[in-house]
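# Can you look at this prediction? I've put the sequence above it.
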Amino acid sequence: MSESTGLVAGEPTRAGRVRVVLHRLLGAIFVIWATASITFGVQSLLPGDRAELMINAAAGTFTQPTAAELAAVNAKYGFDRPFWEQYLHYIGGVLQGDLGESYQSHRPVAELIAGQIAPTLALTLSALALAWAIAIAVTVFSGGRDGPVARAFGGFQVIKAVAPPYWIGTILLVVFSIHLRWVPVEGGGGLQGLILPSLALAIPLSGFIGQIIRAEFGRVLEQPFVTSARMRGMGNLAVRLRHVLRHAVLPGITLSGWALGSLFSGAAVIETVFARPGIGGLLVTGTATRDIPLVTGIIIASAAAYVIANLIVDLLYPIIDPRLKQS
Amino acid sequence: MTARDPLLHRAATATATPLLTVERLRVGFGRDPAAAGAVVKGISFALEPGRCLAIVGESGSGKSVTARSLVGLTGRNATVQAERLAFSGRDLTRYGERDWQRLRGRDIGFVLQDALVSLDQLRPVGDEVGEGLRIHRVIRSREEQETRVVELLRLVGVPEPEVKARQLPHELSGGQRQRALIASALALDPALLIADEPTTALDVTVQAQILDLLEATKNRGKALILISHDLSVVSRMADEVIVMRHGEVVEQAPVATLFSAPRHEYTRRLLDAIPAAHTRGTRLAPASAPRLTADAAHWRRRGGDTPGPVLEGRDLVKRFRGPDGQWRTVVRGVNFSLAQGETLGIVGESGSGKSTTARLALALDRPDEGTVRLLGRDWSALDEAGRRPLRREISVVYQDPLSSFDPRWTVERIVGDALAGGAAGFGRDAQIDELLELVGLGKAHRRRRPLELSGGQRQRVAIARAMAPRPRIIVCDEPVSALDVSIQAQILDLLGDLKAALGVSYLFISHDLGVIRHLSDRVLVMRNGEVVEEGTADAIFDAPQQDYTRELVSAVLHDRLPRIKGTSHG
């Protein structure tokens, strides 16, 4: 009989998959290069003499250094060289993982960031996991339902999504640390200290993710394949967890790469509120003292985090949507 | 199949211990008690093992709601009432959600239409087929499930079941998907199988295979409820037929009685409306669609008689680049010619290249090889500016006019836009009125927008728009495929009347052999981008020369319908 093989969109080839990964990798390198170049350009164009800044930062004074002092610093750091030479020198350094030296502490920026990145990564990753857990719990419970409770949950998502993490963090701190005394005010690096700051970051993000997957959840619930599953005798909760949820999270996952990048910068604020160690503290002192290499180093590291997060999302996506393995 | 008197039917079934008994089933939606019984208004039947009941009706008749209420899945805001609803001795009217879940899949299997969306696209086919086994805990291990799934897929005739079980639904053909869906419903060997439009989205040859499969299931002693809008599908395997309209049972009879001596006028109309060999040259819906009332004189095709073909395709080849970057030849060496006043039918299954041929004929795509000649001019080689004066000679009616209308435009703007500026020599407003009257619409429809019209009315507007420039040729690409059979009959009648009155030629594309046979003078059978066979409609259908044509024609059920006594055609 004439049953054709249907819409087989070409066999997945190893070469094709390698090409896709290479393509993504090139894109990632481009983003990091562009970030490094732009921050370097802005740094060179900023008003104020860099040698003067360095001398003052190191001495903790605000005086006019002598011409001899300035010339010595300019020569040492190459500030007297042409712009292009400085640029190539900087990019060359970035390629080797050298982000320059902090004006204030005179230690390599890469070393400073590496020393503080672990608590920030722990914070952002736990915040992302928490955000997903909250969003999924709320969606599985309220998605596709239009009772008053479910609608209240839907409204709550919007409030969560627009609330600034700084404000949420302060409220959590006042309620749980000062009034209830459940967790210490200064958490330090332990797991207990991680709870409130990651909640503060996770709550607004769960609102965003929840809004997106809840809308999709309601749409998928009406699909014929969901009816088919019910026709086989599947219960409501099983239908929601086994069939609908997987479809509904897809748009949320695309968003997660972006979310992880933004969590990285949001972490800076929360770390200050909760007095946690991390990149945040580094960024605040660096900005206050105009420690330009340190600030640019952090910006490049954030861009790298963003790019890596998106790469991971691209690689994880086909696990949830196996249709993509073929194309 | 015994022809029994419907009055004796009750007595007969009472002794045969029916599997399912339904008495005065009423379904409504909404909290308002007045709404109870508004969608299904009291349906009664009994079904024994090894027999098939068909519920037939057009869209909105309540047939699908009836089927779903038998498994307790009518929806949250539905009210279901019945004097009796019993399945193998169990009283379903007392069932709660838990009881229904135990019943579904295990005692009653349910197959929905269009398996592409009825199977979870993110999971392997095997997981879907075996899901019922897991839910009802009849298997103990993953290995056991895999073995059972392969057995089930083999039972329903899926080739290479081990491979297909691991593939995703979109990697299977339409027929294989529908088989897999049936396999998932049969997984727990339920005593009753309900199939809701199981063949609607399928090509004719595949449709025939799926019906064979359902028939085999019935012959294994299963009871079968078949929901369909298509009487011809039903005629083949049902023992008893219920015809529904607006939630009411119009007629209920053994299949032979229903087809040979329909009692109700609506049943007769439905049967008459099916286009087939014996309906050629007749009107399908004489009662509901009057002959042309308007004066068609102004809208006769432009130009005098043309002795040669008005439209001609020579050695046409068209390639497209697929999403994987590979080139596919969709049309390979197609020849056709359309004479003045003739209807050339192009028939084929999905992917046969018939719609691409239509696009080449309309010069919407340029052929990679070969030429299309329109009124003797080299139509395919002209640039768009050169084509413009010829454009009014050829127009088109699509399957779904909604997608070819701007939804914000009113009917008068849609039709007025297609008028060739003042060519008819009288006012534009009057021209629009006349065109609408010609296609059976009134002044009242002028201010409506596409979404405010029914499917049949939209297709009438599309025809008015196609007629407006007074073309010589109208390309009809599946113009009636999305319509209920009685509306389809009216549109086919309208196209027939217009052809006679205006002298246009049709290039008529359809997958439906009944429709093609009803109105074509000559027929082109296409498959995989090639013309398999060409000839007069009678030659193609009565004496097909090629194997593929024979297969196609034998898969068509229309002409197996018993002739209806006492109804006149024409």
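Yep, it's here.
# In chain A, which helix is the longest?
In chain A, ranked by residue count with DSSP state H as the criterion, the top helix is helix A:109-142.
# Pretty sure B:Val553 sits against B:Ala543.
No: assessed by CB atoms under 8 Å, B:Val553 is found out of contact with B:Ala543, at 9.9 Å. C-betas here are computed from N, CA, C, even on glycine.
# the more surrounded of the two?
Neighbour count, other CB atoms under 10 Å in any protein chain shown: between B:Val553 and B:Ala543, B:Val553 has more, with 19 against 11.
# from the chain's centre, how far out does the helix or strand harbouring that one sit?
B:Val553 belongs to helix B:547-555 when assigned by DSSP states H and E. Mean-position distance between helix B:547-555 and its chain equals 19 Å (CA atoms, centre = their mean, to the nearest Å).
# what do you get for stretch B:350-367?
Using CA atoms, centre = their mean, the offset of stretch B:350-367 from its chain centre is 22 Å.
# If you count neighbours, what's buried in it?
Under the neighbour-count criterion of 16 or more other CB atoms under 10 Å in any protein chain shown, stretch B:350-367 has B:351-363, B:365, B:367 buried.
# Need the phi and psi values for B:Arg373.
phi -110, psi 130 (degrees, to the nearest 10).
# which residues does it contact?
B:Pro309, B:Leu311, B:Glu312, B:Arg314, B:Trp379, B:Ser380 (CB atoms under 8 Å, 6 or more residues apart in numbering or on different chains).
# cool, and B:Leu292?
Residues near B:Leu292 by CB under 8 Å, 6+ apart: B:Leu438, B:Asp497, B:Leu498, B:Ala501.
# Let me know whether the first one touches B:Ala466 as I believe.
Spelled out, that is B:Leu438. No: in this structure, B:Leu438 is not within contact of B:Ala466 by CB under 8 Å, at 11.4 Å.
# Look at A:Ala238 and report its pLDDT.
Note for A:Ala238: predicted pLDDT of 93.
# Wait, a strand at it?
No: using DSSP: H, G, I helix; E, B strand; the rest coil, the assignment for A:Ala238 is helix, not a strand.
# my read: it touches B:Ile135, true?
Yes: assessed by CB under 8 Å, A:Ala238 is found in contact with B:Ile135 at 7.5 Å.
# neighbour-wise, which of those two wins?
Per other CB under 10 Å, whichever of A:Ala238 and B:Ile135 has more neighbours is B:Ile135, with 22 against 16.
# Check which element follows the helix or strand harbouring A:Ser37 along the chain.
Using DSSP H and E, the element containing A:Ser37 is helix A:14-45. Following helix A:14-45 in sequence order, the next helix or strand is helix A:50-59 (DSSP H and E).
# Of all the residues in that next one, which ones are buried?
A:Arg50, A:Ala51, A:Glu52, A:Leu53, A:Met54, A:Ile55, A:Asn56, A:Ala57.
# and that helix with helix A:14-45, angle?
Put simply, helix A:50-59 runs at 90 degrees to helix A:14-45, going by axes from the mean of the first three to the mean of the last three CA atoms, to 10 degrees.
# So what touches helix A:50-59?
Residues outside helix A:50-59 that contact it (CB under 8 Å, 6+ apart) are A:62-65, A:69-70, A:73-74, A:77, A:79, A:103-104, A:106, A:289-292.
# what mean pLDDT does the helix holding A:Ser37 have?
Rounded mean pLDDT across helix A:14-45 is 81.
# Next, please give the residue ranges for the helices of the stretch 201-327 of chain A.
Taking DSSP state H, counting those that start in this stretch, the helices of the stretch 201-327 of chain A run over residues A:224-231, A:236-238, A:245-273, A:279-288, A:292-320.
# that older thread, can I have the helix holding B:Val553 written out in CSV, keeping just the CAs?
Presented in CSV, the C-alpha positions along helix B:547-555 are these (Å, rounded to 0.1, in the frame of the first residue of the first chain):
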residue,chain,number,x,y,z
ASP,B,547,-2.6,0.0,-10.5
TYR,B,548,-2.5,3.2,-8.4
THR,B,549,-5.7,4.5,-9.9
ARG,B,550,-7.3,1.2,-9.3
GLU,B,551,-6.2,1.2,-5.7
LEU,B,552,-7.5,4.8,-5.3
VAL,B,553,-10.8,4.1,-6.9
SER,B,554,-11.4,0.9,-5.0
ALA,B,555,-10.7,2.7,-1.7
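# Could you name the helices and strands sitting against it?
helix B:204-219, strand B:522-527, strand B:530-536, helix B:537-542 (3 or more CB pairs under 8 Å, 6 or more residues apart in numbering or on different chains; DSSP states H and E).
# any idea of the angle the first one forms with helix B:547-555?
The directions of helix B:204-219 and helix B:547-555 differ by 50 degrees, with the same axes, to 10 degrees as the criterion.
# pLDDT of the helix or strand following helix B:204-219, averaged?
Per DSSP H and E, the first helix or strand lying C-terminal to helix B:204-219 is strand B:223-228. What strand B:223-228 shows for mean pLDDT is 94.
# Only the buried residues of strand B:223-228, if you could.
For strand B:223-228, the neighbour count (16+ other CB under 10 Å) marks B:Ala223, B:Leu224, B:Ile225, B:Leu226, B:Ile227, B:Ser228 as buried.
# what about that strand, near chain A?
No: shown here: strand B:223-228 not in contact with chain A (CB under 8 Å from any CB of the partner chain), separated by at least 13.0 Å.
# Give me the sheet partners of that strand and which way each runs.
Strand B:223-228 has these partner strands in its sheet, going by DSSP bridges: strand B:52-56 (parallel), strand B:192-196 (parallel).
# before we move on, the earlier item: name the nearest of the buried residues of strand B:223-228 relative to A:Leu173.
Closest approach to A:Leu173 among those (CB to CB): B:Ile227, at 61.1 Å.
# wait, what's in contact with the closest residue to that closest one other than its chain neighbours?
Distances taken as CB to CB, 6 or more residues apart in numbering or on different chains place B:Asp196 nearest to B:Ile227, at 4.4 Å, with adjacent residues excluded. Listed by CB under 8 Å, 6+ apart, the contact set of B:Asp196 reads B:Ser64, B:Ala67, B:Phe110, B:Val111, B:Leu112, B:Gln113, B:Ile227.
# try it again with 7 Å
B:Asp196 makes contacts with B:Ser64, B:Ala67, B:Val111, B:Leu112, B:Gln113, B:Ile227, as judged by CB atoms under 7 Å, 6 or more residues apart in numbering or on different chains.
# Could you list which of these belong to strands?
Residues of those located in strands (DSSP state E): B:Val111, B:Ile227.
# So of the contacts of B:Asp196, which two are at opposite extremes in space?
Checking these with CB to CB, the most distant pair is B:Ser64 and B:Val111, at 12.3 Å.
# quick one, which of these two is more surrounded?
The neighbour comparison of B:Ser64 against B:Val111 (other CB under 10 Å) goes to B:Val111, with 25 against 20.
# I figured that one hits B:Ile182, correct?
Yes: using CB atoms under 7 Å, B:Val111 is in contact with B:Ile182, at 5.4 Å.
# mind checking pLDDT for residue 312?
Just going to use chain A. In this prediction, A:Ile312 carries a pLDDT score of 85.
# that's the other chain; I wanted chain B
At B:Glu312, pLDDT is 94.
# related to what we said a few turns ago, near chain A, list only the ones from the buried residues of stretch B:350-367.
B:Gly351 (CB under 7 Å from any CB of the partner chain).
# Using pLDDT, spot the least trustworthy of the buried residues of stretch B:350-367.
Ranked by pLDDT, the buried residues of stretch B:350-367 bottom out at B:Gly351, which has 81.
# Right, I'll leave it there.
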